[in-house]
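Chemist: Structure for this input, please:
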Amino acid sequence: MIKNWFRPLYELNALIFWSIASLLMLVSHFPYKYLALIVMLTMTGVRGITVEKMLRFRLSLSVKYLQIIFVKDLYLKSDEALKQKCLYLGEGYEWDQEKAQLSNDLLGMPKADIPAIPGWLPDPLVQHLMPKNIILDKCPVDIGKPWIKALSIKIGPVIWPLKAIEGHTLIAGTTGAGKTRTYELISTQIIRMGKGVVLIIIDPKNDQDLKNRVKKECKKANKKFLYFKQAEPGKSIRLNPLANWNQPSEIATRISQLMEDGPFRSFAHLFIDRVVKGELYVGDRPNLRSIFGYVQGRVDPLLERCLVKFFTDLKVVDFELKARGGSAGKSSTTYLDGLLSLYNVTVADHKKMGRNVQVEAIDGLMATYTHDRDHYSKIIATLLPLLQMLATGETGLMLAPDVDDLNDTREIWDTQRVINQDAVLYIGMDSLSNSEVAKAVNSMILAEIASVAGAIYNFVEEKNRKQIYLLIDEVAEAINEQVIQVLNKGRGAGFRAFVALQTIKDLEAKLNSAPKMLQVLGNLNNQIILRLEDSETVKWVIEKMGETKISEMNTGYSQGTGTEQHIFEFSGNISRSEKRERTSLIPKELILGLPNLQYFARFTGGHISTGTIPIIED
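Modeler: Numbers count the residues shown, from 1 in each chain. The predicted structure is shown next:
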């Protein structure tokens, strides 16, 4: 029992005694001194081993340090875990009722009563007793309780079943607690899984350490590393967020959902949908720049192209001449008006013969063309700034690549192609300096990811589906309906999502809905909890971790004497009572008091562990 390790260090006195006795025996003239010396040295060694273990334990109770793991050692541990179809999450131990009892006892102790390393020990000896491959944590002394990592003598690898990861994962922690280091550890192992495994990282902060780690591991694993950042066009690939869709209306939804909800959003969706269907009718591939051009400059050129295709397909003779000179006895002010008049006459004539040649794309564009221009201008006044952010300048060239521009040698990718080639895509947002553009770009990319997930679920057999890991840092910066769709339905398509946040209130504020926040959290079946500062988030975590029963011992003392008793007589009484009560399996104070990179983890099924995320060093 680890409780026995909290007692006074009695073995130290014995070690000192046997050491002095050995020295005295060595210089004495005792008849069988060498035989006695062997016995004494043996006892010195036995006591020394016990004292060393006790001192190491006390060091772990009182010193905060960060664990380092070299890449080659991580590979060994990762490969061993993968053989068991698990991921490696650093060193730690299982958290159970015994640890809950012990932690509550320690929380009730004065700090001075918690065993610590003797102050008189020389520094070289202290350094010898310290664990290997560590660096001292330089955060303030009062942040974090170092003894959390030492509540078990059975410290070993924390492994996380891949089957459990299918249920999606929340990584929660305050600033600097270790979320990025956790992603580094997870990403490194995912990349090493090899064929049939895809990794997509969305990082609003564009953390350089995480990006560099992922890039290094891709090079070692011979995987394609793709970097997209709209703020660094020279270093970025081009990424088309409208390349994949199941229905044309999805394109209009992806763009219009960037607007605030309301009637203008519905009209904007309608107008964009008409443009998309018109482009598809004439054989164009819609992209952000083409849609922006038609919405801003009106749809006249596109409508004209659609009408020309219509008459050409129907093999209408001399339709251009008829349109320019008027048709059905009516004059036309413009060539387009003439084509429209001829279209209406042609559709009507075929209808009389029982044939329907009406084209939905043309009808929609006609409705936009004849729409009240003042009303149309008011509607697109809100839409145009969004499209301008996404479709102009370098951002437009990155999100709507021109395949015919031979001078632009940057690669062109989309989500489906990333998945097909088992690549690693790192998307660095520019949320700090240009948050509005970053949010819009992020939303478009996530919408395409959700669409690809739907296509995989609908059209790819389960045995042929790949493992697609989606890591989203600071999810409150990226959350939208598409992320919720991936969390709700992505599992069936092979998606395993990881989302990181600081507080659940950030989610509620972004979604503007407590039920939606709970919907998101309800889809995250695994939780890796680093140090938290927000009381609401701590409360939610404690409820997820469950409860247990702990014992509380109360001891009472009483003594006294009576007038009828002799002067030297007295009476005394000692009473002890034990009370068991239900309490949180993990006390709130521990979650608030986790040192940097230490965590509590709850995996699908309720298994709970605690451990330390190691810092990866090359």
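Chemist: what does stretch 134-152 contact?
Modeler: Contacts made with stretch 134-152 from outside it, assessed by C-beta atoms under 8 Å, 6 or more residues apart in numbering, are listed as 2, 57, 60-68, 92-94, 99, 102-103, 106, 114, 155, 176, 531, 589-590, 593-596, 598, 610-612, 615. In short, each C-beta sits where N, CA and C put it, glycine included.
Chemist: Low-confidence stretches in the chain?
Modeler: 1-5, 112, 139-142, 326-332, 431-433, 553-578 (pLDDT under 70).
Chemist: before we move on, the earlier item: let's see the ChimeraX selection covering just the buried ones among the contacts of stretch 134-152.
Modeler: Buried members of these can be picked out in ChimeraX with the line below, counting by 16 or more other C-beta atoms under 10 Å:
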select :57,60,61,63,64,65,66,67,92,93,99,102,103,106,155,531,590,593,594,595,596,598,610,611,612,615
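Chemist: Of the contacts of stretch 134-152, which belong to strands?
Modeler: Counting by DSSP state E, those place 65-68, 92-94, 598, 610-612, 615 in strands.
Chemist: List the residues that contact residue 609.
Modeler: 89, 92-95, 158, 600-601, 603 are the contacts of residue 609 under C-beta under 8 Å, 6+ apart.
Chemist: Bridge partners for the residue nearest to residue 92 when sequence neighbours are not counted, pull those for me.
Modeler: Closest residue to residue 92 apart from its sequence neighbours, by C-beta to C-beta, 6 or more residues apart in numbering: residue 611 at 2.3 Å. In this structure, residue 611 has the following beta-bridge partners (DSSP bridges): residue 92, residue 599.
Chemist: In this structure, which helix is the longest?
Modeler: Looking only at the chain and at elements set by DSSP state H, the helix with the highest residue count is helix 33-62.
Chemist: Check which helices and strands that helix sits against.
Modeler: Here helix 33-62 touches helix 10-27, helix 123-129, going by 3 or more C-beta pairs under 8 Å, 6 or more residues apart in numbering; DSSP states H and E.
Chemist: With distance to residue 507 and mean neighbour count added, can I get those in CSV?
Modeler: What follows is those, written out as CSV (distance: least, C-beta to C-beta, whole Å; neighbours: other C-beta atoms under 10 Å):
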stretch, distance to residue 507, mean neighbour count
helix 10-27, 52, 15
helix 123-129, 44, 11
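Chemist: Redo those as a markdown table? Include distance to residue 47.
Modeler: Below are the helices and strands packed on helix 33-62 laid out as a markdown table (distance: least, C-beta to C-beta, whole Å):
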| stretch | distance to residue 47 |
| --- | --- |
| helix 10-27 | 4 |
| helix 123-129 | 16 |
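Chemist: before we move on, the earlier item: give the full set of residues in contact with the residue nearest to residue 92.
Modeler: Counting by C-beta under 8 Å, 6+ apart, the residues that residue 611 touches are 89-93, 149, 158, 598-599, 601.
Chemist: So which residue is dead centre in the protein?
Modeler: With distances taken as C-alpha atoms, centre = their mean, residue 499 lies nearest the centre of the chain, 2.6 Å away.
Chemist: so how far is residue 464 from residue 163?
Modeler: Summarising the geometry, the distance separating residue 163 from residue 464, computed by C-beta to C-beta, to the nearest Å, is 19 Å.
Chemist: Could I get the contacting residues of residue 547?
Modeler: By C-beta under 8 Å, 6+ apart, residue 547 lies in contact with 582-585.
Chemist: Same question for residue 400.
Modeler: Residue 400 is in contact with 240, 242, 287-290, 391, counting by C-beta under 8 Å, 6+ apart.
Chemist: do the same with residue 209
Modeler: Counting by C-beta under 8 Å, 6+ apart, residue 209 touches 180, 184.
Chemist: Wasn't it part of a helix?
Modeler: Yes. When DSSP: H, G, I helix; E, B strand; the rest coil is applied, residue 209 is found to be in a helix.
Chemist: Helix or strand: which one has residue 363?
Modeler: Mapping residue 363 onto the secondary structure by DSSP states H and E places it in helix 360-369.
Chemist: In terms of secondary structure, what does the helix or strand that that helix is followed by contact?
Modeler: Beyond helix 360-369 in the direction of the C-terminus, DSSP H and E gives the next helix or strand as helix 373-391. Helices and strands touching helix 373-391, by 3+ C-beta pairs under 8 Å, 6+ apart, are helix 249-256, helix 263-281, helix 288-296, helix 393-399, helix 435-459.
Chemist: Name the residues of helix 373-391 that come out as buried.
Modeler: Of the residues in helix 373-391, those buried by neighbour count under the rule 16+ other C-beta under 10 Å are 376, 379-380, 383-384, 386-387, 389-391.
Chemist: How far away from the center of its chain is that helix?
Modeler: Distance, stretch centre to chain centre, for helix 373-391: 34 Å (C-alpha atoms, centre = their mean, to the nearest Å).
Chemist: Next, the angle from it to helix 435-459.
Modeler: Going by axes from the mean of the first three to the mean of the last three C-alpha atoms, to 10 degrees, helix 373-391 is angled at 90 degrees with respect to helix 435-459.
Chemist: quick revisit: ok, so of the ones in strands among the contacts of stretch 134-152, who is nearest residue 486?
Modeler: The shortest gap between residue 486 and any of the ones in strands among the contacts of stretch 134-152 belongs to residue 611, at 27.7 Å (C-beta to C-beta).
Chemist: coming back round to it: state the distance from the residue nearest to the centre of the chain to residue 204.
Modeler: Applying C-beta to C-beta, one obtains 12 Å for the distance of residue 499 from residue 204.
Chemist: Show me the contact partners of stretch 51-68.
Modeler: Under the criterion C-beta under 8 Å, 6+ apart, external residues in contact with stretch 51-68 comprise 5, 9, 11-12, 15, 90-91, 114-117, 121, 126, 129-131, 133-137, 139, 141, 144, 146-147, 149-150, 153, 595-597, 612-615, 617.
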